[in-house]
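A.B. asks: give me a 3D structure for the following:
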Amino acid sequence: MTGNPGSGVTNEQIAANVRLAKQLFSGLVIAGKMHASGVDEAVASHEAVSQFLEAGADVILVPAVGTVPGWTDAEMIDIVKLAHAHQALVMSTIGTSQESSGSHYIENIAVRNKVCGVDIQHIGDAAWTNESPLENIFALSRAVRGISHTIERMARSINR
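C.D. replies: Residues are numbered from 1 along each chain as shown. Okay, the predicted model is just below:
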């Protein structure tokens, strides 16, 4: 559950939809925002995340540190601790067009968010061909897992 750019979706609406999804869907429910979605409220806050968790969210979606102005490491760590205290995961998202930035910038974002304790790192598709450059996907994976695990994942068959 999230809000696309300019959609006007509020955190309160996301929480309400998480409650509905938990009634109708047995899979994992991911909730949060990677950007403001055209609403004058905090993209992520302790209060909003608490609402998502109370509604039953399994994964909290937040902007990656370094992608939204003013979103700090300290704020991310606060959200991570809150989510983990409720046995939820945290997914940081590169979804505000930085996915087309250079690989060094992507590596920096990946390491900063790993240090903050996020469990999942998402890289979006807003680059020039509607997909992230493979160099940036590779850079993120290498920064988070190291080269040996990155290559192992690339070489592994989907049939295993």
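
A.B. asks: okay, CA-based contacts and neighbour counts for the rest of this
C.D. replies: Noted.

A.B. asks: any stretches of this protein with poor pLDDT?
C.D. replies: Within the chain, the stretches with pLDDT under 70 are 127-129, 160.

A.B. asks: strands of that one, residue ranges please.
C.D. replies: Under the criterion DSSP state E, strands of the chain are mapped to 30-32, 59-63, 89-94, 120-123.

A.B. asks: show me what the longest one is packed up against.
C.D. replies: So that's strand 89-94. Judged by 3 or more CA pairs under 8 Å, 6 or more residues apart in numbering; DSSP states H and E, strand 89-94 is in contact with strand 59-63, helix 73-85, strand 120-123.

A.B. asks: mind listing what's buried along the shortest one?
C.D. replies: If I follow you right, that is strand 120-123. Using 16 or more other CA atoms under 10 Å as the test for burial, strand 120-123 gives 120-123.

A.B. asks: thinking again about what came up before, out of the helices and strands packed on strand 89-94, flag the one nearest residue 9.
C.D. replies: For residue 9, the closest of those is strand 59-63, at 14.5 Å, according to CA to CA.

A.B. asks: and that closest one, how far out from the chain's middle?
C.D. replies: What separates the centre of strand 59-63 from the centre of its chain is 4 Å, taken as CA atoms, centre = their mean, to the nearest Å.

A.B. asks: over to stretch 43-54?
C.D. replies: With CA atoms, centre = their mean, you get 14 Å for stretch 43-54.

A.B. asks: just stretch 76-96 next, same as before
C.D. replies: What separates the centre of stretch 76-96 from the centre of its chain is 8 Å, taken as CA atoms, centre = their mean.

A.B. asks: go on, stretch 107-125?
C.D. replies: 8 Å.

A.B. asks: isn't residue 17 right next to residue 1, touching?
C.D. replies: Yes - between residue 17 and residue 1 a contact is recorded at 7.1 Å, counting by CA atoms under 8 Å.

A.B. asks: this protein: helices as residue ranges?
C.D. replies: Assigned by DSSP state H, the chain shows helices spanning 11-24, 46-55, 73-85, 103-116, 134-145, 147-155.
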